[in-house]
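Chemist: just the structure for this:
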Amino acid sequence: MRHNKKFNHLGRTASHRSAMLANMACSLIKHKRITTTVAKAKALKKFVEPLLTKAKEDTTNSRRVVFSNLQDKYAVTELFKEISLKIADRPGGYTRIIKTGNRLGDNAEMCFIELVDYNDNMLKEKVVKKTRTRRSRKSTGTTDAASGVEDAQVVDDEPKAE
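Modeler: Okay, the predicted model is just below:
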């Protein structure tokens, strides 16, 4: 029986899987967005989000824990210097997976995985968003209740005689 065995092995041995996830995490930290398959992206999300949470506090122990998982000192310094400042106030959910369709060769489901705070296009849409109802009967000018004619838009079409 498979009780409590929800871990995706990705068809690899444990050492190969951990090395692959560490390399993908380093690439994600350096480039802020990578393209991969959906299964690998979901596994990477489970791998990298605890490391991002650990990077919020810059202590020697947290640096050692993150380095033991990543094995890349350039990625660790990038994580603790730049990324941790941007995600400091975010309570979780540091990555986003966006599906892009299927790969031509083997029809595998492909996607982007990216750091949420580094996608400027998504951040701009959030700021510009405006709520508006379509069924509102309110108008800008005053209306005459009996005739329904707006005072603000009454215009004389006849030229004035002098």
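
Chemist: quick one: the helices in this structure?
Modeler: For the chain, the helices defined by DSSP state H occupy 14-31, 38-54, 60-70, 73-78, 84-86, 120-128.

Chemist: adding distance to Asn107 and mean neighbour count as columns, could you present those helices in CSV?
Modeler: Quick note: C-beta positions are derived from backbone N, CA and C, even for glycine. Formatted as CSV, the helices of the chain follow (distance: least, CB to CB, whole Å; neighbours: other CB atoms under 10 Å):
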stretch, distance to Asn107, mean neighbour count
helix 14-31, 21, 16
helix 38-54, 12, 18
helix 60-70, 32, 15
helix 73-78, 32, 16
helix 84-86, 36, 15
helix 120-128, 28, 9
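
Chemist: relative to Met1, which of those helices is closest?
Modeler: Taking CB to CB, helix 14-31 is the member of the helices of the chain nearest to Met1, at 21.6 Å.

Chemist: one step back: of the helices of the chain, which is nearest Asn8?
Modeler: The nearest among the helices of the chain, by CB to CB, is helix 38-54 at 5.4 Å.

Chemist: please state the offset of the closest one from the chain centre?
Modeler: Here the centre of helix 38-54 is set off from its chain's centre by 13 Å, with CA atoms, centre = their mean, to the nearest Å.

Chemist: centroid residue for this structure?
Modeler: Val116 (3.3 Å; CA atoms, centre = their mean).

Chemist: just to check, that one is in contact with Thr95?
Modeler: Yes. If you go by CB atoms under 8 Å, Val116 and Thr95 touch, sitting 6.5 Å apart.

Chemist: closest to Asn4 out of the helices of the chain?
Modeler: helix 38-54 (15.3 Å).

Chemist: show me what that closest one is packed against.
Modeler: On a contact count with 3 or more CB pairs under 8 Å, 6 or more residues apart in numbering; DSSP states H and E, helix 38-54 meets helix 14-31, helix 60-70, strand 95-102, strand 109-115.

Chemist: who touches that helix?
Modeler: 8, 10, 17, 20-22, 24-25, 28-29, 36, 62, 65-66, 69-70, 79, 83-84, 87, 92-95, 97, 99, 109-111, 113 (CB atoms under 8 Å, 6 or more residues apart in numbering).
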